[in-house]
Structure formats: structure tokens, C-alpha cells
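Colleague: kindly generate the corresponding structure for this input.
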Amino acid sequence: MFGKILLIATLALIAWAVVARASQGAGAGLRYTVRVHDTLWSISVAHYAGDPRDGVWKIERRNHLSGALIRPGQQLILP
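Modeller: Below you'll find the predicted structure:
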């Protein structure tokens with residue numbers, strides 16, 4: 001009896017591993033082209049819920065920015 005339960009559990013685990021997919025959370029991110037009058041704050045407000053400061057920090061960190069200066073035409077990756 002124990003052998004059957006162990007076999008069923010093992011088969012269920014293997015089936016789950018085959019069907020499971022990678023999450024979208026670890027993806028490359030969304031590419032964003034900076035437009036005239038864009039700021040990190042405005043981009044953060046448009047693309048992230050909650051406190052915009054957290055979004056600004058994520059954008060700065062993901063794009064290795066040393067400050068908040070961005071230029072029109074610049075490509076940013078939004079995490």
C-alpha cells in the first residue's frame with residue numbers, strides 16, 4: 001500500500017514538474033523610450049502602482065543610472 005502511494009506521489013510530482021512554467025517575473029523587462037518632458041517620476045507613476053519613489057528606485061537600479069537625469073530617445077528597461 002505504501003509503495004502505491006509513493007508511486008502515485010512521485011508520478012504527480014513528475015507531472016507537475018513537466019507542466020510547470022517559468023514565471024513572468026524574471027523576464028527581461030519592458031523597453032521604454034524616453035519622450036520629451038518625461039521624468040523618472042512620471043514614468044514611475046504611469047507604470048507602477050503604489051509609491052512612485054519605489055518605481056524611480058527600481059528604474060534607476062535596473063538601468064544603472066547614477067542620478068535622475070534622462071534624455072529624450074534614451075532606452076530604459078522597466079523592471
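
Colleague: show me which helix runs longest in the chain.
Modeller: helix 2-19 (DSSP state H).

Colleague: how far away from the center of its chain is that one?
Modeller: With C-alpha atoms, centre = their mean, to the nearest Å as the basis, helix 2-19 stands 32 Å off its chain's centre.

Colleague: strands paired with the helix or strand just after it, and their directions?
Modeller: Counting by DSSP states H and E, the element after helix 2-19 in chain order, helix or strand, is strand 30-33. Paired neighbours of strand 30-33 in the sheet (DSSP bridges): strand 75-78 (antiparallel).

Colleague: average pLDDT for the strand it pairs with?
Modeller: Throughout strand 75-78, pLDDT has a mean value of 94.

Colleague: list the buried ones in that strand?
Modeller: 76, 78 (16 or more other C-beta atoms under 10 Å). C-beta: built from backbone N, CA, C; applies to glycine.

Colleague: show me the beta-bridge partners of L78.
Modeller: L30.

Colleague: show me the contacts for it.
Modeller: By C-beta atoms under 8 Å, 6 or more residues apart in numbering, L78 lies in contact with 29-32, 43, 47, 58-59, 62.

Colleague: now H47
Modeller: 30, 32, 55, 78.

Colleague: helix, strand, or coil at S66?
Modeller: Here S66 is recorded as coil under DSSP: H, G, I helix; E, B strand; the rest coil.

Colleague: what about G3, neighbour count?
Modeller: 7 (other C-beta atoms under 10 Å).

Colleague: where's R71, which helix or strand?
Modeller: Going by DSSP H and E, R71 is not in any helix or strand.

Colleague: for it, give me phi and psi.
Modeller: phi -120, psi 150 (degrees, to the nearest 10).

Colleague: so where's the protein uncertain?
Modeller: 19-28 (pLDDT under 70).

Colleague: any idea how far T10 is from K4?
Modeller: According to C-beta to C-beta, to the nearest Å, K4 and T10 sit 11 Å apart.

Colleague: circling back to that earlier point, now the contacts of H47: which count as buried?
Modeller: Using 16+ other C-beta under 10 Å, the buried ones in the contacts of H47 are 32, 55, 78.

Colleague: name the nearest residue to the second one, sequence neighbours excluded.
Modeller: Which is G55. S44 (3.1 Å; C-beta to C-beta, 6 or more residues apart in numbering).
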